[in-house]
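> I'd like to go over a predicted model; first the sequence, then the structure.
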Amino acid sequence: MATIITTNPDPHYNRLEEAKKLDETKTGVKGLVDSGITIIPRIFHNPPQNQPIPIFKAQNPKLSLPIVDLSGHRSMVVDQIHRAASTFGFFQIINHGIPKSSMDHMLSSIKSFHELPETTKMQYYSRDTSHGVTYFTNFDLYKCKEANWRDSLEVHLGPTPLEREYVPEVCREALVEWDGRVVKLGEELMGMLCEGLGVEKERLKKMSFFDKRNMSGHYYPYCPQPELTMGLKWHTDPVVLTVLLVNEVTGLQVKHCEDWIDVEPVPGGLIVNIGDMLQMISNDEYKSVEHRVLANPNRKPRVSVPVFFTSSMIEDSYEPLLELVSSEKPAVYQKFTISDFMNKFYSEELQGKSVMNTYKHSNI
Ligand SMILES: O=C(O)CCC(=O)C(=O)O
Ligand SMILES: [Fe+2]
């Protein structure tokens, strides 16, 4: 029989009660910090083997993510993006056409939301996403083994038009503007990613593979014991593509050849990463790569704003594109629907790549 390793020697620790207690404060992790705690609750403790060691240092400081200058010659840009997406699964882009002022406005609006007076912010706290706007801590709080030191505001932007009245006023204007800009950029990136694969972008459009977008406004407050927990545990994104805006507080790490590498955000740049669904339909040509965020040891909060692109046709079947399948490179994945994929994703805690792997053909 397998030995069950428990890191919980405290007989009084009750995970569910601790989760409930945190949830009922409706002020998330930031609320804990504001209450002046210096010892983090047990629910945030990672087992020693999952704690980031050496703390705050990547294992391979010499490696860094490719930086792609979108103002370069198109064929060169397509080639660079193709290479980055097939290896790191992550890259940074500069000269992407979104003004710095718009990026700063988006980041400061998300920061302002999380720093609203508790009584105002609490009104948005919920685990019900039906209005398309929710503020919460740890979407998988009741399922995860250990919680992350992070709070989030989640907004469903499209294709169903955003219900503006549900969006907190402090970030409404910035968000609507960001959405408009990021949709254009996402389309442009997807076009180049398709070109790199030799696939017509119209094919994906017809499949509605890229028509939906969700935004998260994450806030990683100061953590008094950052060596014991994570800002966000390692995972891959269960979407097609992610365009990520971050402030200057570092913490994001990307896995590359068994090493964790630090992402040093380029001023004015954006981070782009391939999601599981693009890896699957590209028949493993593009890679959806594991990443994580360290708990923030700085007094200054870390703010990040990913926009996740995915499909709204949740009952349609998707599979590796026929153009990318041959006798030398047979289809790696079976057909999948977004609804089945997401049900599997939400039934587990956010850790690992297990969902994508469940669709692998058994002979691969
Ligand atoms: O905060 C970050 O930089 C990354 C967030 C992320 O990976 C996610 O929300 O999926
Ligand atoms: Fe992610």
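Good, I have the coordinates. Ligands and ions are numbered 1, 2, ... in the order given.
> Pass me the low-pLDDT residue ranges in the stretch 101-250 of the chain, would you?
By pLDDT under 70, the stretch 101-250 of the chain has no low-scoring segment.
> of all the residues in it, which ones are close to ligand 1?
216, 218, 232, 237, 244, 246 (C-beta under 6 Å from any ligand atom). In this view, the C-beta of every residue, glycine as well, is placed from N, C-alpha and C.
> quick check, nearest of those residues to residue 184?
Using C-beta to C-beta, residue 244 comes nearest to residue 184 of these, at 16.4 Å.
> Could you count how many residues lie near the closest one?
22 (other C-beta atoms under 10 Å).
> Can you tell me the SS state at it?
Look at residue 244: counting by DSSP: H, G, I helix; E, B strand; the rest coil, its state is strand.
> From residue 303, how far off is it?
11 Å (C-beta to C-beta, to the nearest Å).
> Closest residue of the stretch 201-350 of the chain to ligand 1?
Relative to ligand 1, the nearest point of the stretch 201-350 of the chain is residue 304 (3.3 Å; C-beta to the nearest ligand atom).
> by contact count, what packs against the one helix or strand that residue maps to?
Taking DSSP states H and E as the criterion, residue 304 maps to strand 302-310. Counting contacts by 3 or more C-beta pairs under 8 Å, 6 or more residues apart in numbering; DSSP states H and E, strand 302-310 is packed against helix 100-114, helix 169-197, strand 212-220, strand 241-246.
> CA atoms only for whatever helix or strand comes next after the longest one - export them in PDB, please.
Beyond helix 169-197 in the direction of the C-terminus, DSSP H and E gives the next helix or strand as helix 201-206. Taking Å, rounded to 0.1, in the frame of the first residue of the first chain, the C-alpha atoms of helix 201-206 are listed here in PDB:
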ATOM      1  CA  LYS A 201      -6.300  31.600 -39.900                       C
ATOM      2  CA  GLU A 202      -9.800  31.500 -41.400                       C
ATOM      3  CA  ARG A 203      -9.900  27.800 -40.600                       C
ATOM      4  CA  LEU A 204      -9.700  28.600 -36.900                       C
ATOM      5  CA  LYS A 205     -12.300  31.400 -37.300                       C
ATOM      6  CA  LYS A 206     -14.700  29.100 -38.900                       C
END
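> Need the contact partners of helix 201-206.
190, 191, 194, 195, 210, 211, 321 (C-beta atoms under 8 Å, 6 or more residues apart in numbering).
> would CSV of these with neighbour count be doable?
Formatted as CSV, the contacts of helix 201-206 follow (neighbours: other C-beta atoms under 10 Å):
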residue, neighbour count
190, 19
191, 16
194, 20
195, 18
210, 24
211, 16
321, 22
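> Out of the helices and strands packed on strand 302-310, which gets nearest to residue 159?
When the helices and strands packed on strand 302-310 are compared (using C-beta to C-beta), the closest one is strand 212-220, at 5.8 Å.
> ok, residue 334 to residue 279 distance?
For residue 334 relative to residue 279 (C-beta to C-beta), the value is 14 Å.
> For the two, work out which one has more neighbours and name it.
Set side by side, residue 334 and residue 279 show more neighbours around residue 279, with 24 against 14, by other C-beta under 10 Å.
> In space, what's closest to the more buried one - neighbours in sequence excluded?
Leaving aside its sequence neighbours, residue 279 sits nearest to residue 288 (C-beta to C-beta, 6 or more residues apart in numbering; 4.1 Å).
> Assumed that neighbour was part of a helix.
No - counting by three-state DSSP, residue 288 is not found in a helix; it is coil.
> ok now do it, which residues does it touch?
Contacts of residue 288 by C-beta under 8 Å, 6+ apart are 89, 236, 237, 273, 274, 275, 276, 278, 279, 353, 356.
> How far off centre is stretch 228-247?
3 Å (C-alpha atoms, centre = their mean, to the nearest Å).
> Same check on stretch 20-29?
On C-alpha atoms, centre = their mean, the centre of stretch 20-29 falls 22 Å from that of its chain.
> ditto for stretch 300-311
6 Å.
> Please apply the same query to stretch 127-135.
For stretch 127-135, the distance to the chain centre is 17 Å (C-alpha atoms, centre = their mean).
> now do stretch 323-343
Counting by C-alpha atoms, centre = their mean, stretch 323-343 is centred 22 Å from the centre of its parent chain.
> Equivalent analysis for stretch 313-328, please.
Using C-alpha atoms, centre = their mean, the distance between the centre of stretch 313-328 and that of its chain works out at 24 Å.
> what comes up buried for it?
Applying a neighbour-count criterion of 16 or more other C-beta atoms under 10 Å, one finds 313, 318, 320, 321, 324 buried in stretch 313-328.
> Cross-check the contact I'm expecting between the fourth one and residue 282.
Right, the one you point to is residue 321. Yes - using C-beta atoms under 8 Å, residue 321 makes contact with residue 282 at a distance of 7.1 Å.
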